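A.B. asks: Sequence and predicted model, in that order:
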Amino acid sequence: MSATYGARVAIAESGRFGGTCVNVGCIPKKLLSYAAHFREDFEVAAAYGWNAGAPSFDWPKDREIHRLNGVYERALTGAGVEIIRGRALVKGANEVEVNGRTHTARHILVATGAWPRLPQIPGSELAITSNEAFHLQNLPSRALVVGGGYIAVEFASIFNGVGVPTTLAYRGSRLLRGFDAEIGERLGEEMARKGVDVRLNMDPVRLVKLGAQIEVLFRDDSVQNYGLVMFATGRRPVTRDLGLEAAGVKLAADGAVVVDKYSRSTVDSIYAIGDVTNRINLTPVATAEAMWLARTLFRNQPTPVDHANVPTAVFANPNLASVGLSEEAARKAHGAIDVYKTSFRALKLTLTGTSERTFMKLIVERASQRVVGAHMIGPDAGEVIQGVAIAVKLGATKADFDATLGIHPTVAEEFVTMREKAH
Ligand SMILES: Cc1cc2nc3c(=O)[nH]c(=O)nc-3n(C[C@H](O)[C@H](O)[C@H](O)COP(=O)(O)OP(=O)(O)OC[C@H]3O[C@@H](n4cnc5c(N)ncnc54)[C@H](O)[C@@H]3O)c2cc1C
């Protein structure tokens, strides 16, 4: 964007273009999530009269990703950006060193992302993180996923979906901290019903190699063997040995670059966006921060970041998605709120034996009647919430939702037909 606005730009990349999202994040994760969902699709198809024989599964290898690396690189070259391959080191307010050569620039943008963090327990080096999960050669006999955030629940769903007996262990009492509490609780229940061994208030304290297996000792002294242990226990901003502190850039305790609302660090010429700032760690947020900054610096339109009402999805099985405030956060922010909810079996599943329930919830600020939060667990929740997010961003009221006609029969129509207040 900066180059298209006329700036002379160079980019230093030590890994593969597209960063985490394209190479070891959103894209390959969603492909695996699709793969894992098919098992249930075969069951649904059978309930509708299809007989396609017994399905079997072969763990897919990365093909699509190489294509995307090329797409990003061509987009950069097409915009006139100079590509420098190598690890960049900040040498001062206007200097960056790559491969022993010093480059000077009026502005420096740090967008080095984040990296998985392993817990400090004996044997943790035997475990993998999401980085390696995309390159497994074979499916493990049994998998343990440790963590309670979106990456943990997504991978537990993927392993379980492709037929690997899977345990999800989380030290907290509810999955998906930061999401609406009911959403986290219900997701745990749905995942357990689909066969994931969900263990809350539980984490491993020691890993030991036992032949091809890993023996895991849990906090409650129970012991279990797994073919694979994956930690999804948080990510740390990539700022170590980057020269930032020596250049005068302030870092937070977690290593994140401290920035103001224009993404400017404590050094006037150095900016930071994306996961390295640890604000809202999502691809569309990182991309938007980049657009806002390019506009600020090269279009003479100072544009602060806008982190309100960022929609987000979790591609667990079942999917879930949210926009706006959780019930708890809304109560804190607004005091009096109205809550509407509904829970039902989706029409598509009524012919099947599955007990999966779709759940939807609207949070309404009582005084203004504005919808300040919308949450869903159910098929294609991300696709549904993306549309609802426009209404929430525009400040739609509950009456606006009610005045919108449903599309029948769909799952999504329930968002405009919720009449009874839950409380
Ligand atoms: C498993 C997983 C699943 C995810 N799923 C989703 C999802 O479904 N939806 C979503 O919105 N977000 C998702 N995310 C989050 C998303 O990937 C990140 O928010 C996004 O990639 C952040 O972009 P970024 O540019 O800040 O950092 P990154 O994408 O991490 O890019 C940083 C780049 O900087 C390079 N680099 C680092 N240090 C240097 C250096 N010193 N010199 C040169 N280059 C350097 C790295 O090689 C990398 O290419 C997921 C993340 C993970 C890990």
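C.D. replies: Received the coordinates, thanks. For clarity, every value in this text was computed on a predicted model and none was experimentally measured.

A.B. asks: show me the contacts for the nearest residue to residue 282 once chain neighbours are set aside.
C.D. replies: The shortest distance from residue 282 to any non-neighbouring residue, by Cβ to Cβ, 6 or more residues apart in numbering, is to residue 312 (6.1 Å). To be clear about C-beta, it is placed using only N, CA and C from the backbone, and glycine gets the same treatment. Shown in contact with residue 312 (Cβ atoms under 8 Å, 6 or more residues apart in numbering): 282, 321, 322, 323.

A.B. asks: ok, so of the residues you listed, who is nearest residue 414?
C.D. replies: residue 321 (14.0 Å; Cβ to Cβ).

A.B. asks: mind checking the SS state of the closest one?
C.D. replies: Of the three states, residue 321 takes strand under DSSP: H, G, I helix; E, B strand; the rest coil.

A.B. asks: Give me the number of neighbouring residues for the closest residue to the ligand within the stretch 251-400 of the chain.
C.D. replies: Of all residues in the stretch 251-400 of the chain, the one sitting closest to the ligand is residue 274 (2.0 Å; Cβ to the nearest ligand atom). Burial of residue 274 is recorded as 28 neighbouring residues (other Cβ atoms under 10 Å).

A.B. asks: and what of residue 135?
C.D. replies: Here the count is done by other Cβ under 10 Å, and residue 135 has 11 residues near it.

A.B. asks: Please name the residues that touch residue 13.
C.D. replies: 83, 84, 85.

A.B. asks: Give me the phi and psi for the residue nearest to residue 15 when sequence neighbours are not counted.
C.D. replies: Excluding its sequence neighbours, the residue lying closest to residue 15 (Cβ to Cβ, 6+ apart) is residue 23, at 7.2 Å. Dihedral angles of residue 23 (phi, psi; degrees, to the nearest 10) stand at phi -90, psi -40.

A.B. asks: got the contact list for residue 23?
C.D. replies: 15, 16, 65, 69.

A.B. asks: of the residues you listed, buried ones?
C.D. replies: When the contacts of residue 23 are checked for burial by 16 or more other Cβ atoms under 10 Å, the buried set is 16, 65.

A.B. asks: And stretch 266-284, end to end?
C.D. replies: 25 Å (Cα to Cα, to the nearest Å).

A.B. asks: Residues of the chain that sit close to the ligand?
C.D. replies: 12-15, 19-21, 25-26, 29, 87-88, 111-113, 130, 151, 238, 242, 274-276, 281-284, 286 (Cβ under 6 Å from any ligand atom).

A.B. asks: List buried residues within those residues.
C.D. replies: The neighbour count (16+ other Cβ under 10 Å) marks 12-13, 19-21, 25-26, 29, 88, 111-113, 130, 151, 238, 242, 274-276, 281-283, 286 as buried among the residues of the chain next to the ligand.

A.B. asks: Let's see which of those end up in strands.
C.D. replies: 12, 13, 88 (DSSP state E).

A.B. asks: Going by distance to residue 147, which of those wins?
C.D. replies: The nearest one, if we look at these relative to residue 147 and count by Cβ to Cβ, is residue 13, at 28.1 Å.

A.B. asks: Beta-bridge partners for the closest one, please?
C.D. replies: As for beta bridges, residue 13 partners with residue 85 under DSSP bridges.

A.B. asks: all helices for the stretch 151-300 of the chain, in order.
C.D. replies: For the stretch 151-300 of the chain, the helices defined by DSSP state H, counting those that start in this stretch cover 181-193, 283-298.

A.B. asks: Is it possible to get TSV of those helices that adds mean pLDDT and distance to residue 269?
C.D. replies: What follows is the helices of the stretch 151-300 of the chain, written out as TSV (pLDDT from 0 to 100; distance: least, Cβ to Cβ, whole Å):
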stretch	mean pLDDT	distance to residue 269
helix 181-193	97	42
helix 283-298	98	10
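
A.B. asks: for the ones you listed, which one sits closest to residue 408?
C.D. replies: helix 181-193 (25.0 Å).

A.B. asks: Okay, buried residues for that closest one please.
C.D. replies: By 16+ other Cβ under 10 Å, the buried positions in helix 181-193 come out as 182, 183, 184, 185, 186, 187, 188, 190, 191.

A.B. asks: Noted, bye for now.
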